[in-house]
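[1] Give the three-dimensional model of this entry:
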Amino acid sequence: MIRIMTLWRKEPYIEDALESVLRQTRHHDVIHVLEHDDGTRDWNNRYPVSVFWNEAMAAANMDDYLCWLSDDDLLLPNYVEDLAGYLDAHQEVECCYGGAQLEYWDETGKIEDVGFLPAGGYVAYNALCSPACKIDGGQFMVRRSALELVERPWCAEGRTADPNVPAIMLPERYGDAMFMNKIANAVGIYPIDKQVMVRRVTPLGTHTKIIGGQHIITDWRQDGRYE
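    Numbering: from 1, shown residues only. As a prediction, this is how the structure comes out:
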C-alpha cells in the first residue's frame, strides 16, 4: 500500500491537491491519509505538521510506502508509478526521490514557473548539511520498514515562541528536512531522473510567501493557523 499523507489547512488549494491524487496513473494500491485541521484540535503546543506525520507513519503497515503531499502542492500523474515503481524494482533501496517543478503564486494566481530537478547521484546528508531547500518533503517516498532504523520521533514536534530565535533555526521549521537527514544517514536517499511533483509557493505558505508580487520570508509563529 502507498500512503500519501496530507494535513489540510490551505482551503484555496486543497481541491487541486486532491485532484492530483485522483489523477495518478497508478492508483489501485494508494490510500490518501487526509486530516483537516480546522482549528478545533488541541496540538498541545506541538508543531501540527510534524505531529500528523509521526502519527500517520506510526499507524502504517510495515510493508507500506510513505509519502507526503502538502495541501498547496500537486502530484504529477506519474508520481506514484515512478517512485513506488522504483522501490518495487530495487528492493535494496529504502528511499527515493524525484524532481519538482517550482511555481510561484500570488493572490491573482500563478505568476512564474521555475524548472527544477535535483542533481543526480547518491545523496548523503549529515547534521552539518540540511537538505532543506534542496529536496521538498513531497518529493520522496520511503519504505515504512526503514523507519525502524531512524531515531524517533521521526519529525521534531517541539515548539518555541521565543522571538529572539529565528524560526529558520528551529527544528520544527524544517521537520521534513530533519526527517530526510535521519533517513539519509540511516539508509540513504536515491534520486530518479524524472519530475514527479509541482511545488507551489503561495500566499498561504509558511516558509515563503508572494504578496503583491514580493517574495517574503515568513515565520509560522506570526501565522494564526499555527497558533
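
[2] Look at Pro191 and tell me its secondary structure.
    strand (DSSP: H, G, I helix; E, B strand; the rest coil).

[3] can I assume it is in contact with Val93?
    No. In this structure Pro191 lies outside contact range of Val93 using CB atoms under 8 Å: 10.6 Å. (Glycine included, C-beta is placed from N, CA and C.)

[4] the more surrounded of the two?
    Using other CB atoms under 10 Å, the more surrounded residue of Pro191 and Val93 is Pro191, with 20 against 17.

[5] so who does the residue most central in space within the chain touch?
    Using CA atoms, centre = their mean, the residue of the chain that lies closest to the mean C-alpha position is Gly137, 2.7 Å off. Counting by CB atoms under 8 Å, 6 or more residues apart in numbering, Gly137 touches 68, 70, 175-177, 179-180.

[6] The same query, at a cut-off of 10 Å, please.
    5, 49, 53, 67-70, 73, 97, 131, 155, 174-177, 179-180, 199 (CB atoms under 10 Å, 6 or more residues apart in numbering).

[7] One more: Glu112?
    The contact partners of Glu112, taken as CB under 10 Å, 6+ apart, are 102-106, 201, 210, 213.

[8] Which among these count as buried?
    Buried by 16 or more other CB atoms under 10 Å: 102-106, 201, 210, out of the contacts of Glu112.

[9] Inside strands: which ones of those residues?
    102-106, 201, 210 (DSSP state E).

[10] JSON lines please, covering those residues and showing distance to Ala146 and pLDDT.
    Formatted as JSON lines, those follow (distance: CB to CB, whole Å; pLDDT from 0 to 100):
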{"residue": "Leu102", "distance to Ala146": "27", "pLDDT": "88"}
{"residue": "Glu103", "distance to Ala146": "30", "pLDDT": "91"}
{"residue": "Tyr104", "distance to Ala146": "33", "pLDDT": "89"}
{"residue": "Trp105", "distance to Ala146": "34", "pLDDT": "91"}
{"residue": "Asp106", "distance to Ala146": "38", "pLDDT": "89"}
{"residue": "Val201", "distance to Ala146": "30", "pLDDT": "88"}
{"residue": "Ile210", "distance to Ala146": "36", "pLDDT": "80"}
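
[11] now for the residues you listed, which pair is the farthest apart?
    Distances among these were taken as CB to CB; the most separated pair is Leu102 and Asp106, at 14.5 Å.

[12] Most remote residue from the middle of this protein, which is it?
    Of all residues in the chain (CA atoms, centre = their mean), Asn164 lies farthest out, 27.0 Å.

[13] so is it in a helix, a strand, or just coil?
    Once three-state DSSP is applied, Asn164 turns out coil.

[14] How about Arg199?
    Classified using three-state DSSP, Arg199 is strand.

[15] Which pLDDT value belongs to it?
    Per-residue pLDDT puts Arg199 at 90.

[16] Spatially, what comes nearest to His209 if we skip its sequence neighbours?
    Rather than His, residue 209 is Lys. Ile216 (4.8 Å; CB to CB, 6 or more residues apart in numbering).

[17] follow-up on the earlier one: mind putting the ones in strands among the buried ones among the contacts of Glu112 into a markdown table with distance to Met141?
    Below are those laid out as a markdown table (distance: CB to CB, whole Å):
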| residue | distance to Met141 |
| --- | --- |
| Leu102 | 19 |
| Glu103 | 21 |
| Tyr104 | 25 |
| Trp105 | 25 |
| Asp106 | 31 |
| Val201 | 22 |
| Ile210 | 28 |
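
[18] Out of those, flag the one nearest to Pro12.
    Nearest to Pro12 among those is Trp105, at 9.5 Å by CB to CB.
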